[in-house]
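Asker: model this:
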Amino acid sequence: MKSMPLTAIRHFAPADLAEPEIIHETDVLFRVDAVGVCGSDIHYYRTGRIGDQQITFPFLVGHECSGTVVETGAGVTRIKPGDRIAVDPAVSCGVCDQCRTGRTHTCRDLRFMGCPGQLDGCLSGYYVLPESCCFPVSDDLSPAWAALVEPLSIGCYAARQGGLTPGRAIGIYGLGPIGLSVMLAARAIGITQIAGVDPLAYRRQIAEEHGLSYAFDPMNHKPPSGQTYDVVFDCCGEPDILDEACHRLNPGGTLVLVGIPETAHILLDPHILRRREVTIKNVRRQNGCIPAAIDLVQRSDIDCSFMLTHTFHLSETQKAFDLVDGYSDQVIKAMIVPD
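Answerer: As a prediction, this is how the structure comes out:
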């Protein structure tokens with residue numbers, strides 16, 4: 001089957017790989033219909049690593065995907081060949097202490113698509129995952145929208161971690177796909193006071209057109225004097241903005257860390273944290289929020305389509321990653337589809 005592995009820093013090359021096969025009775029073989037380019041994929045593209053996770057070339061990246069079921073194992077009961085699916089890229093063991101207590105996303109033996117030492121990415125023609133990772137979607141939902149479910153599920157989970165309820169004021173630092181997913185999840189809850197922070201003017205404009213109360217450029221000015229938030233979401237992974245974010249939190253507020261820093265350490269002012277009794281929460285991907293994200297893309301009162309800005313064929317993977325890496329052509333989410 002056709003595939004597009006990363007063969008060096010900032011370089012993809014086509015390869016022919018054997019098609020995956022069903023091994024376990026709960027396995028699902030599906031054709032990959034669309035793959036979203038994620039910020040974590042860009043980390044591997046730029047540096048070959050995220051933290052202590054370093055890839056060995058060649059390596060298949062990609063984990064935001066949708067597909068069409070081709071074959072199922074004998075023990076599969078929820079889906080059948082021909083079904084369209086959204087995909088949870090995390091495979092948990094189901095038996096460790098974390099899984100038994102409902103924390104499958106922090107499974108002791110978690111395997112994630114496109115992570116070194118775990119699972120290959122999905123920039124290929126076909127893939128096999130357990131049935132537990134496959135979620136049926138309606139036939140009229142496009143492959144790109146179904147692939148968008150994965151980042152939206154992170155936004156839904158981040159909103160849950162932030163304890164969002166109507167009437168709360170929130171700030172979102174970083175208005176890329178994950179920050180916008182948090183915005184959409186917050187709007188679905190009924191949050192109306194949503195501020196955004198991003199240095200890219202086109203992202204600020206798009207966010208304001210689709211639900212943000214206002215946005216500002218952190219490089220040139222600060223939010224209005226006295227503007228504070230009950231919850232701040234860091235969706236950019238930039239350590240330098242965290243102190244500013246904490247200063248904007250109300251006493252008893254919550255800082256939710258969603259973005260992945262490229263640095264090994266971050267610094268926070270302990271006195272601000274202590275005096276305002278700030279709660280810090282981390283977001284590890286998502287936990288049980290795929291159905292909520294599917295509902296989100298299918299809601300008539302929430303428009304997610306503005307996030308899907310570019311589409312490329314598998315043979316154009318290099319072009320897609322260069323575009324996202326350079327924030328070119330007002331890209332929000334680039335999708336890669338089979339040739």
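
Asker: quick one: low-confidence parts of the stretch 151-300 of the chain?
Answerer: 222-225 (pLDDT under 70).

Asker: that one: strands as residue ranges?
Answerer: Under the criterion DSSP state E, counting those that start in this stretch, strands of the stretch 151-300 of the chain are mapped to 169-173, 193-197, 214-216, 229-234, 249-257, 279-282.

Asker: ok, so what distance separates A74 from T263?
Answerer: Separation of A74 from T263 (C-beta to C-beta, to the nearest Å) stands at 48 Å. Bear in mind the C-beta positions are built from the backbone N, C-alpha and C, glycine included.

Asker: my bad, should have said P5
Answerer: Distance, P5 to T263, by C-beta to C-beta: 27 Å.

Asker: and the two? Which one has more around it.
Answerer: Comparing P5 with T263 by other C-beta atoms under 10 Å, the one with more neighbours is P5, at 22 against 11.

Asker: domain parsing for this structure?
Answerer: Per the record, the chain has its domains at 2-136+304-337, 154-282, by automatic domain parsing.

Asker: I'd say R187 and G211 touch.
Answerer: Yes: if you go by C-beta atoms under 8 Å, R187 and G211 touch, sitting 4.7 Å apart.

Asker: and for those two, which residues touch both?
Answerer: Common contact partners of R187 and G211 (C-beta atoms under 8 Å, 6 or more residues apart in numbering): I194.

Asker: sorry, back to before: can you list the domains of the chain in CSV and add distance to A292?
Answerer: Shown next, in CSV, are the domains of the chain (distance: least, C-beta to C-beta, whole Å):
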stretch, distance to A292
domain 2-136+304-337, 11
domain 154-282, 4
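
Asker: longest helix anywhere in this protein?
Answerer: Of all segments of type helix in the chain, defined using DSSP state H, the longest is helix 143-161.

Asker: how far away from the center of its chain is it?
Answerer: Distance of helix 143-161 from its chain centroid, counting by C-alpha atoms, centre = their mean, to the nearest Å, is 6 Å.

Asker: please name every helix or strand in contact with that helix.
Answerer: Identification of packing neighbours for helix 143-161 by 3 or more C-beta pairs under 8 Å, 6 or more residues apart in numbering; DSSP states H and E yields strand 27-36, strand 64-72, strand 84-87, helix 177-189, helix 290-298, strand 308-313, strand 333-337.

Asker: of all those, which lies closest to C246?
Answerer: Across these, C246 has its closest neighbour in helix 177-189 (17.7 Å, C-beta to C-beta).

Asker: elements contacting that closest one?
Answerer: Applying 3+ C-beta pairs under 8 Å, 6+ apart, one finds that helix 177-189 contacts helix 143-161, strand 169-173, strand 193-197, helix 201-209, helix 290-298.

Asker: now do the contacts for the residue nearest to the spatial centre of the chain.
Answerer: Nearest residue to the geometric centre of the chain (C-alpha atoms, centre = their mean): P151, 3.1 Å. Counting by C-beta under 8 Å, 6+ apart, P151 makes contact with G36, C38, E64, P177, I178, S181, K333.

Asker: so how many other residues sit close to the fifth one?
Answerer: The number of residues packed near I178 is 26, by other C-beta under 10 Å.

Asker: and for the closest residue to it other than its chain neighbours, the neighbour number?
Answerer: Among residues not flanking I178 along the chain, C235 sits closest, at 4.7 Å (C-beta to C-beta, 6 or more residues apart in numbering). Neighbourhood size, C235 [other C-beta under 10 Å]: 31.

Asker: go ahead and confirm C235 touches I260.
Answerer: No: C235 lies out of contact with I260 (C-beta under 8 Å); the separation is 9.9 Å.

Asker: from the middle of its chain, how far away would stretch 127-138 be?
Answerer: Counting by C-alpha atoms, centre = their mean, stretch 127-138 is centred 17 Å from the centre of its parent chain.

Asker: just stretch 235-244 next, same as before
Answerer: Stretch 235-244 has its average C-alpha position 18 Å from the chain's average C-alpha position, going by C-alpha atoms, centre = their mean.

Asker: list the contacts of that stretch.
Answerer: Residues outside stretch 235-244 that contact it (C-beta under 8 Å, 6+ apart) are 39, 158, 172-176, 178-179, 182, 197-198, 218, 222, 234, 255, 258-263, 265-269, 272.

Asker: show me what the residue lying closest to I85 once chain neighbours are set aside is bridged to.
Answerer: What sits nearest to I85 in space, not counting adjacent residues and going by C-beta to C-beta, 6+ apart, is C134, at 4.6 Å. With DSSP bridges as the criterion, C134 is bridged to V87.

Asker: test my guess that C134 contacts P81.
Answerer: No: look at C134 against P81 with C-beta under 8 Å: they stay out of range, at 12.0 Å.

Asker: which neighbours do these two have in common?
Answerer: V69.

Asker: the more surrounded of those two?
Answerer: The neighbour count for C134 versus P81, taken as other C-beta under 10 Å, is higher for C134 (22 against 13).

Asker: contacting residues around Q118?
Answerer: Contacts for Q118 were tallied using C-beta under 8 Å, 6+ apart; they are L110, R111, F112.

Asker: dump these to CSV, plus neighbour count.
Answerer: Shown next, in CSV, are those (neighbours: other C-beta atoms under 10 Å):
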residue, neighbour count
L110, 20
R111, 15
F112, 21
